[in-house]
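Q: One predicted model, sequence on top.
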Amino acid sequence: MLKKYFRRLESIIALAQSLMTPKQFIFLSSVLIGISCSLAVIILKTFAHSVFSFATYINGILKLSFINSILPIIGILLTVFVIKRVLNGKIEKGTSQILYAVAKKASIIPKKQMYAQIITSSLTVGLGGSAGLESPIVITGAAFGSNFAQNYKLQYKDRTLLIGCGVAAGISAAFNAPIAGVLFAIEVLLVDVSISAFTPIMISAATGALVSAIVLDETILLSFKTQQTFDYHNIPFYVFLGVLTGLTAIYYSRNFQRVEHYFSKLEIGPYKKAFIGSSLLAILIFIFPTLFGEGYESIKTLSETDPGKLLDNTLFADFRNNNWVLLLFIGATMMVKVFASALTLGSGGNGGNFAPSLFLGSYLGYFFSKFITLIGLSKLPIGNFTMVGMAGILSGLFHAPLTAIFLIAEITGGYGLMIPLMIVSSISFAISKRFEKYSLDVKGLAKKGHAFTSNKDSNILSTLDIDSIIQCDYLTVHPDENLGKLVDLISHSNQVVFAVVDHEKDLVGIVHFNDIREIIFNAYRVKYTLIKDVMKIPQATISSYDSMEIVMSKFERTKTAFLPVLRNEKYYGIISKSIALEAYRTKLRSMTIE
């Protein structure tokens, strides 16, 4: 019945495509993708919130903190089971795969990502894994956009644009923050869109936010109603918070990578790995129950009038009214959050670092402002610092200051904190960027040589295939031959440069036509001049395994038009700068989203 319904819907959409202009169909597509992504968000968020509420309710009755610790073990083991039995033993995690799909796979994202992320992340995070749902939501939205475009045979540019629509709709629906959704899609994933591409992305984001606001219970969303006004006298403290969030983002990024790398190197079965990691996570949650799940409920509690509720049903419940004990609990939770998230994802669970960054930022903002207040240095608006801290960590961890600024501005219901948000986010981003070249999600790509940044030239060059540019059919000469051989080759080919190789195919030099122009018209010199007497040592050589960015930097440094290519230390071919530039221009035209 459901299959028949979807076929009928596809027929209607196909008919609409035939009656509309390409641009009109893109607008319709952005609405449909926005609706699909928001429904996925509603399913994920509702499930995660229901499990959290159930666990909290049981704990309130039985007063047994270990129940919260058992659920994540079950969730991560179930996630591994689904990955092995249903998803062919593998699932891609992190938003970096979207970047890779856009650049290397013509914006083709596998169909299974339309449901794989929803199933696995709901099991992991819904049952208490200390991670976020936003990364799976973003990947699901991108998969909806890509597969919708494939189904209706849209070109690469339109596929990429609809991926951006899915991403924007996902973030927008998850936070009811359409502006942040648009900025995240453009700032983090699609850095090369033109102004005209904003319209369908904005339509999709608005649609996602609207459906989420209508259907999803407002209490499930991360939102704040109480807010104090901005006082410019607190600017020095906001500056210091910006420095702290930048350094903390570096701390989180590096330790997360270390733990995840450790688990990736463990040579044990996936179930054993999942059990070990989830058991360690269970211990952390037993001591610090607020590490359970996304942690958004505890963020709301921090910004309210009674943050001592965080200590209810914990080992420290007797000290709920002691400000210093509460502060130490928050500080300790903040420091171990990275290990809880890394254990969740490294041991086999699925989720993302978006929610952990907001969790960490709120705890850091509260800790800093409460500490300053308790020691009597100044009476700071703790709620404001709690919210601004979220923007600082998000900006530093994802290198996305605009997304961070507008996300917090939207979920706080106004723009009264715009100035401190800008101060903290920009300082955090600057510090994080100084010590971490790539954001947390892009680090993995960088290690594989597939890093994508806001540098448009670097992005395009990284997508070019060097093998398609190397010319392996160039004629070569031997160093002991005379110029007569070379003159004969010049007269029967269009080559202007010749590699000089010995009998072992080792490159010994290079001869350019311009260097022998005066000699070749002298028959005597042609006959008695050897090639080794006129050849030159190349200023640089290219390895066939080099990236195009390295190739172009060598062209720029040497100021030459041709460079010889080596493979396994042997001569392999020639790269022409003009051909490389033409490949760049062709790729640029194909990647520009208009």
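A: On my side now, so go ahead. Numbering: from 1, shown residues only.

Q: give me the number of residues near the closest residue to Ser204 other than its chain neighbours?
A: Leaving aside its sequence neighbours, Ser204 sits nearest to Cys165 (CB to CB, 6 or more residues apart in numbering; 3.6 Å). Quick note: C-beta positions are derived from backbone N, CA and C, even for glycine. Neighbours of Cys165 under the rule other CB atoms under 10 Å: 37.

Q: these two touch, right, Phe237 and Lys379?
A: No. The criterion here is CB atoms under 8 Å, and Phe237 misses it with Lys379 at 10.9 Å.

Q: Please say which of the two ends up with more neighbours.
A: Set side by side, Phe237 and Lys379 show more neighbours around Phe237, with 19 against 10, by other CB under 10 Å.

Q: mind listing the strands for the chain?
A: Using DSSP state E, the strands of the chain run over residues 476-477, 497-501, 507-512, 542-543, 562-567, 570-576.

Q: closest one to Ser204 among these?
A: Shortest distance between Ser204 and these, using CB to CB, is found for strand 570-576: 41.3 Å.

Q: Excluding chain neighbours, what is closest to Leu489?
A: Closest to Leu489 by CB to CB, 6+ apart is Leu475, at 5.2 Å.

Q: meant to ask about Phe288, not that
A: Take Phe288 and drop its neighbours on the chain: the residue closest to it by CB to CB, 6+ apart is Thr333, 4.6 Å away.

Q: Can you tell me the number of residues neighbouring the one you found?
A: Thr333 has 23 neighbours, counted by other CB under 10 Å.

Q: show me what contacts it?
A: 288, 290-291, 363 (CB atoms under 8 Å, 6 or more residues apart in numbering).

Q: go on, Lys554?
A: By CB under 8 Å, 6+ apart, the neighbours of Lys554 are 540, 542, 563.

Q: how far away is it from Asn514?
A: Separation of Lys554 from Asn514 (CB to CB, to the nearest Å): 20 Å.

Q: same thing with Ile70?
A: Ile70 sits at a distance of 77 Å from Asn514 (criterion: CB to CB).

Q: Give me the more crowded residue out of the two.
A: A count of neighbours by other CB under 10 Å puts Ile70 above the other of Ile70 and Asn514, at 17 against 10.

Q: contacting residues for that one?
A: Counting by CB under 8 Å, 6+ apart, Ile70 has contacts Ala282.

Q: distance of it from Thr344?
A: 15 Å.

Q: give me the number of residues near the nearest residue to Thr290 once chain neighbours are set aside?
A: Distances taken as CB to CB, 6+ apart place Ser298 nearest to Thr290, at 4.1 Å, with adjacent residues excluded. For Ser298, the count of nearby residues is 22 (other CB under 10 Å).

Q: Next, give phi and psi for Ile519.
A: The phi and psi values for Ile519, taken as degrees, to the nearest 10, are phi -80, psi -40.

Q: Pretty sure it sits against Leu530.
A: No. Between Ile519 and Leu530 there is no contact under CB under 8 Å: 11.5 Å.

Q: Brilliant, that's me finished.
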